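Asker: need a 3D model of the sequence below.
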Amino acid sequence: MTMTASSILPGIADGPILFSDEPLSFWGGVDPATGRIIDVHHPLQGRSIAGRVLIMPSTRGSCTGSGVLLDLVLSGRGPAALVFSEPEDVVTLGALIAAEMFGKALPVLRLSPSAFDVLSGQASARIGLDRITAGDLSIAVQPPGTASLVLTGQDRAILDGGNGTAAAQAMRIICAMAAQQGARCLVDVTQAHIDGCIYASPANLTFAERMVEMGARVTVPTTMNAISVDRENWRRQGVPPSLGNPAQRLADAYVRMGCRPTFTCSPYLLDSAPGRGEAIAWAESNAVIHANSVLGARTAKHPDFLDLCIAITGRAPLSGVYLDENRKARRIIDVDLPPDADDAFWPLVGYLAGKVSPDRIPLLRGLAPAQPGTDELKALCAAFGTTSGAAMLHVEAVTPEAELIADDADHCRITHADLEDGWRLLNDGPEDVDLVALGSPHASLNECRALARGLAGDRVVIPTILTTGRDTLALARAEGVLAMLEASGVTVLPDLCWCSISEPVFPVQTHAVMTNSGKYAHYGPGLSGRAVRFGNLAQCVRAALTGKAPGIMPDWMRKPGRP
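Answerer: Numbers count the residues shown, from 1 in each chain. Model (predicted):
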């Protein structure tokens, strides 16, 4: 049995081993203030990663995990080392920034399957520059890769400081990431989308303001993700200055660097959305998956901080799903499509598809008869991104590159029974709910209209909050939809989304939440500390009007013939 280990980022560390065979999203999965795992669906929930040699296959979920990891390292609550068995970019980038910009080294290693299996069974480990030791086990560590990266004359000029200090720093980070990804060259991008503007931790602000001080400016059109406060209204909403001030400073820092203040996690709804084959640089997991899968654009799942570096230089590592061969489905998932499935089906099947394909691009078969539109695919991609680390998916006869299938693709199935199990997993909350959470990801204009139609002028009896982007909000206002929603008592919020809402905008008295978002049904319990119920939009409307979310499974979800 040959055991190998490669150093991705060098360093020396030792500590007890914390192992999981399931990937973890650091954002929404780890509390940056404590280092404790808060993802209620993860087997390590409640455990602390601080000072541990953290061993897992890879990460999944949000691109913001890089900011969480950086904050943990800078505050002294980070892991002693990170050990993976598969390629990983998000927290690796956080560790790279910690070393490159703040002088805090955190070892990151990638092990062969045999070495990974053996090391995971040990109690503790010591990571050296050339060897891992654990009890009687000793594994040689190969030095970081030195793949030759071919740079253009302009790349080298940027690297040498010709475009300023910030651009040089950005290019050094891009080159380091390109080397660990095995990229041979860089690629031009036409636009970027920044995810690091969410105030996930103080590290996000530290990085952004450091780049502003160095004179950073974006060189390609760059949109911004949702932020952590309603930028114009947070004071009136009672948000404490301890959050409001740094969150606004963070947003303002990116605007000063030339980013467009779109503040939406659904940039594919903007008039600037890219076309098929267009090389872009987006962060925010749901947006990345939607861009690749539905629009046919090309972007890696760029971690926070790398998104800005690429926006500054206009260059990205030519690796991953930028390349044709890496866009092929390596797992074919046959889905039992229930008759009369409603809108709750799409986030549910996306969530389950991510669980059965956590590390590879899947092709979902059997969904075409349901004729999913933009909103259905939006929900599918967002939920998939919570449970999978893949940057895209395909839907047979629906998405533009569904013919791309690897010769060695394997097969699995999502059955009616799987749908039932998934529904139960996302419905751990009680039937009495105190809040309805809609717009995760940000609602489209059609979704705003559907909510207004569903309420039909009736008044909600519990807080009902819809989040959406500024552009969509303007369209809803012009069309009269916003007035209809507000007349029914719905609070419509721009700028922030459910994954960044905190008290008191998130009503303090809430005990249980109803949502139609598979993404928020997964992250919500860990982020808010409240129980969550999941269902379709009609069920959310009934909950808003009654305060009740009955636990009866929808008829369409049951296997035909089952009582």
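Asker: how about the residue nearest to the spatial centre of the chain, secondary structure?
Answerer: Nearest to the mean C-alpha position of the chain, by C-alpha atoms, centre = their mean, lies residue 62 at 2.1 Å. Judged by DSSP: H, G, I helix; E, B strand; the rest coil, the three-state class of residue 62 is coil.
Asker: quick check: the residue nearest to residue 536 when sequence neighbours are not counted vs residue 553, distance?
Answerer: Leaving aside its sequence neighbours, residue 536 sits nearest to residue 344 (C-beta to C-beta, 6 or more residues apart in numbering; 3.9 Å). (C-beta placed from N, C-alpha, C; glycine too.) For residue 344, the distance to residue 553 equals 11 Å [C-beta to C-beta, to the nearest Å].
Asker: with residue 59 instead?
Answerer: Plainly put, residue 59 is 32 Å away from residue 553 if you go by C-beta to C-beta.
Asker: quick revisit: residue 344 and residue 553: which has the busier surroundings?
Answerer: The neighbour comparison of residue 344 against residue 553 (other C-beta atoms under 10 Å) goes to residue 344, with 24 against 14.
Asker: pLDDT score for the residue nearest to residue 536?
Answerer: pLDDT for residue 344: 97.
Asker: rewinding a little: need the contact list for the residue nearest to the centre of the chain.
Answerer: 25, 26, 27, 28, 90, 195, 284, 285, 385, 499 (C-beta atoms under 8 Å, 6 or more residues apart in numbering).
Asker: what of residue 360?
Answerer: Residue 360 makes contacts with 329, 330, 331, 390, as judged by C-beta under 8 Å, 6+ apart.
Asker: for residue 517, same thing?
Answerer: Listed by C-beta under 8 Å, 6+ apart, the contact set of residue 517 reads 347, 379, 382, 383, 437, 438, 439, 440, 441, 498, 534.
Asker: count of neighbours near the nearest residue to the fifth one once chain neighbours are set aside?
Answerer: Once its chain neighbours are removed from consideration, residue 437 has its nearest residue in residue 515; the separation is 4.4 Å (C-beta to C-beta, 6+ apart). Using other C-beta under 10 Å, residue 515 has 28 other residues around it.
Asker: just residue 324 next, same as before
Answerer: Neighbours of residue 324 using other C-beta under 10 Å come to 10.
Asker: spatially nearest residue to it, not counting backbone neighbours?
Answerer: Nearest non-adjacent residue to residue 324, counting by C-beta to C-beta, 6+ apart: residue 404, 7.7 Å away.
Asker: could you do residue 418 as well?
Answerer: residue 352 (5.7 Å).
Asker: low-confidence regions, this structure specifically.
Answerer: 1, 145-147, 558-563 (pLDDT under 70).
Asker: could you rerun that using 50?
Answerer: Scanning the chain for pLDDT under 50 picks out 563.
Asker: quick one, what contacts the residue with the largest distance to the centre of it?
Answerer: Centroid-distance maximum for the chain: residue 136 at 38.8 Å, with C-alpha atoms, centre = their mean. Applying C-beta under 8 Å, 6+ apart to residue 136 gives no contacts.
Asker: list the backbone torsions phi and psi for the residue nearest to residue 437.
Answerer: For residue 515, the backbone dihedrals (degrees, to the nearest 10) come out as phi -150, psi 160.
Asker: that one bridge partners, please.
Answerer: Counting by DSSP bridges, residue 515 forms beta bridges with residue 437, residue 534.
Asker: surely it touches residue 522?
Answerer: No: contact criterion C-beta atoms under 8 Å: residue 515 and residue 522 do not qualify, at 10.1 Å.
Asker: element containing the spatially closest residue to residue 424 that is not a sequence neighbour?
Answerer: Using C-beta to C-beta, 6+ apart and skipping the chain neighbours, the partner closest in space to residue 424 is residue 553 (8.0 Å). According to DSSP states H and E, residue 553 maps onto no helix or strand at all.
Asker: how much space between residue 553 and residue 422?
Answerer: Applying C-beta to C-beta to residue 553 and residue 422 gives a distance of 11 Å.
Asker: mind listing what residue 433 touches?
Answerer: When contacts are counted by C-beta under 8 Å, 6+ apart, residue 433 is found next to 462, 512, 513, 514, 533, 543, 547, 548, 549.
Asker: mind doing that once more with 7 Å?
Answerer: 462, 512, 513, 514, 533, 543, 547, 549 (C-beta atoms under 7 Å, 6 or more residues apart in numbering).
Asker: next step: those restricted to strands.
Answerer: Counted as lying in strands by DSSP state E, out of the contacts of residue 433, are 512, 513, 514, 533.
Asker: residues contacting the third one?
Answerer: The contact partners of residue 514, by C-beta under 7 Å, 6+ apart, come to 433, 436, 533, 535, 540, 543, 549.
Asker: report the contact partners of the fifth one.
Answerer: Taking C-beta under 7 Å, 6+ apart as the definition of contact, the neighbours of residue 540 are 436, 438, 514, 515, 516.
Asker: is it in a helix, a strand, or coil?
Answerer: Secondary structure for residue 540, judged by three-state DSSP, is helix.
Asker: apart from its neighbours in sequence, what residue is nearest residue 42?
Answerer: residue 24 (5.7 Å).
Asker: and for the one you found, the neighbour number?
Answerer: Counted with other C-beta under 10 Å, residues neighbouring residue 24 total 24.
Asker: the one 3 residues further on now?
Answerer: Neighbourhood size, residue 27 [other C-beta under 10 Å]: 27.
Asker: still on that earlier bit, and the contacts of residue 433, which of them are buried?
Answerer: Neighbour-count burial (16 or more other C-beta atoms under 10 Å) applied to these gives 462, 512, 513, 514, 533, 543, 547, 549.
Asker: still on that earlier bit, JSON lines for the contacts of residue 514, including distance to residue 471?
Answerer: As requested, the contacts of residue 514 are exported to JSON lines (distance: C-beta to C-beta, whole Å):
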{"residue": "433", "distance to residue 471": "30"}
{"residue": "436", "distance to residue 471": "23"}
{"residue": "533", "distance to residue 471": "30"}
{"residue": "535", "distance to residue 471": "28"}
{"residue": "540", "distance to residue 471": "23"}
{"residue": "543", "distance to residue 471": "28"}
{"residue": "549", "distance to residue 471": "31"}
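Asker: which single one of the residues you listed is nearest to residue 369?
Answerer: The closest of the contacts of residue 514 to residue 369 turns out to be residue 535 (C-beta to C-beta; 22.8 Å).
Asker: right, I'll call it a day here.
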